[in-house]
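Asks: Need the 3D shape of this:
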Amino acid sequence: MTLFEECRAALKADFTIVEGEPLNQAMDIFHQYPWQNGNIAWSKINFSDYEITNMLLSDMTLKDMPVFDITDDTDIPVLKPSQVW
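Replies: Now for the predicted structure:
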């Protein structure tokens, strides 16, 4: 079983495979980050490194932000959770 299949099984009906205009929207957000040699330049970003998912999900600054799961493999679709808890 691939990681994508595991995610799909765990999420059941709580996600959508993003295609068309929503996919373009997700990629536009993704490409706003600074890049260096094909990687995100983390030293140029003000970010928080979360180790506990509950802390991430309860962070008030993320309440109105869209959430997408973008993998590093172009053969795996972009996912959008139905809800963020």
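Asks: Which helix or strand in the protein has the lowest average pLDDT?
Replies: Scoring the helices and strands of the chain by mean pLDDT, DSSP states H and E places helix 53-58 at the bottom, with a mean of 69.
Asks: Which neighbouring elements make contact with the next helix or strand along the chain from that helix?
Replies: Once helix 53-58 ends, the next helix or strand along the chain (criterion: DSSP states H and E) is strand 78-81. Secondary-structure packing of strand 78-81 (3 or more Cβ pairs under 8 Å, 6 or more residues apart in numbering; DSSP states H and E): helix 3-11, strand 15-18, helix 20-30. Quick note: C-beta positions are derived from backbone N, CA and C, even for glycine.
Asks: okay, the ones you listed, which one's buried deepest?
Replies: strand 15-18 (a mean of 16; mean count of other Cβ atoms under 10 Å).
Asks: Sheet partners, orientation included, of that strand?
Replies: According to DSSP bridges, strand 15-18 forms sheet pairs with strand 78-81 (antiparallel).
Asks: Give me the residues contacting the strand it pairs with.
Replies: In this structure, residues lying in contact with strand 78-81 by Cβ atoms under 8 Å, 6 or more residues apart in numbering are 7, 11, 14-18, 22-23, 26-27, 66-71.
Asks: about what we covered before: possible to save the helices and strands packed on strand 78-81 as JSON lines with distance to residue 44 and mean pLDDT?
Replies: As requested, the helices and strands packed on strand 78-81 are exported to JSON lines (distance: least, Cβ to Cβ, whole Å; pLDDT from 0 to 100):
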{"stretch": "helix 3-11", "distance to residue 44": "28", "mean pLDDT": "80"}
{"stretch": "strand 15-18", "distance to residue 44": "26", "mean pLDDT": "81"}
{"stretch": "helix 20-30", "distance to residue 44": "15", "mean pLDDT": "85"}
